[in-house]
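Novice: Sequence isn't available, so here's the structure alone:
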């Protein structure tokens, strides 16, 4: 198989079509998807494939509008009145999703995490808190943290890269960023990073708190079989990104069952692994941004530089935090 170019790597992660580049493909997909709505909010919160939207069991809390291709969450109390309280609304959603999980309707719910992700409205208000494994079914924006740990050596910069456990439901055995994790409802990005560094890499808090915030990375991914469960699910994401310059004696070690091991690789070894398709798609995406920031990937050595840099920061079409 031919090596992947840097633009190939970007396109593999940010693979939902752009209207400006392919309006016909965009319109065909957009017209095919159902749109996820919460009653009382005018904004579309996510895109859902028909194979998913039409399988959800309809109760008093849900309405499928086939004419306008919308799946609408309309939580009701015991008197059939609309529920506007945030906690009660989420309790109804959690109970419903647990019921769907028990019926084994969707493969992605086999990766149930008992962890809730936030969903925001058009004024950045917190609308819902949804079980993590269910979010790809609804195509809502999710948030995470990704950190690149690197060491300055006599041979140049080296990067710590773990290999994902073969038992993971998503992207088993692929290479990852030094530390990465999802942002739960109510959790601050940097505190999430500190927690994930301890859990995944056994890195001490005092070292992790020297990490530098480097902005965000946004993309709109459509899942394939490597992600586990149903394919074609929409996964728009925003990642808060960090760099951690590590001393030579700081050695990350797996602190849970997420990773097999950590390898300290030269930039050239990382780039080769990316070109060979060994990195998880969004991790390769993030490493390209890291290379841009550190002057490793430049307009002088990358013919697709402008498009790559632009697509590392996609404007998402849903409300965000």
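Specialist: Looks like it came in fine. These figures come from a predicted structure and were not determined experimentally. Numbering: from 1, shown residues only.
Novice: Residue 213: what secondary structure?
Specialist: Assigned with DSSP: H, G, I helix; E, B strand; the rest coil, residue 213 falls in the strand class.
Novice: Chain neighbours aside, what residue packs nearest to it?
Specialist: residue 242 (5.8 Å; C-beta to C-beta, 6 or more residues apart in numbering). Placement of C-beta: from N, CA and C, glycine included.
Novice: Which strand or helix spans that neighbour?
Specialist: Following DSSP states H and E, one finds residue 242 within strand 234-245.
Novice: Check the average confidence over that strand, would you?
Specialist: Average pLDDT, strand 234-245: 98.
Novice: Give me the sheet partners of the helix or strand following it and which way each runs.
Specialist: Using DSSP H and E, the helix or strand that follows strand 234-245 towards the C-terminus is strand 259-266. Strand pairing for strand 259-266, determined by DSSP bridges: strand 156-164 (antiparallel).
Novice: if we look at the strand it pairs with, which residues are touching it?
Specialist: 148-151, 171-178, 200-201, 246, 252, 254, 258-267, 270, 273, 279-280, 287, 294, 296 (C-beta atoms under 8 Å, 6 or more residues apart in numbering).
Novice: So for the very next helix or strand once past it, mean pLDDT?
Specialist: Next helix or strand after strand 156-164 toward the C-terminus (DSSP H and E): strand 179-182. Averaging pLDDT along strand 179-182 gives 95.
Novice: Repeat that for stretch 67-83.
Specialist: In the prediction, stretch 67-83 has an average pLDDT of 94.
Novice: Sort out which residues of it are buried, please.
Specialist: 69, 70, 71, 72, 73, 74, 75, 83 (16 or more other C-beta atoms under 10 Å).
Novice: ok, now stretch 92-106?
Specialist: Applying 16+ other C-beta under 10 Å to stretch 92-106 flags 92, 93, 94, 96, 97, 100, 101, 106 as buried.
Novice: I'd assumed residue 129 was in contact with the fifth one.
Specialist: No. With the criterion set as C-beta atoms under 8 Å, residue 97 and residue 129 do not qualify as a contacting pair; they are 11.2 Å apart.
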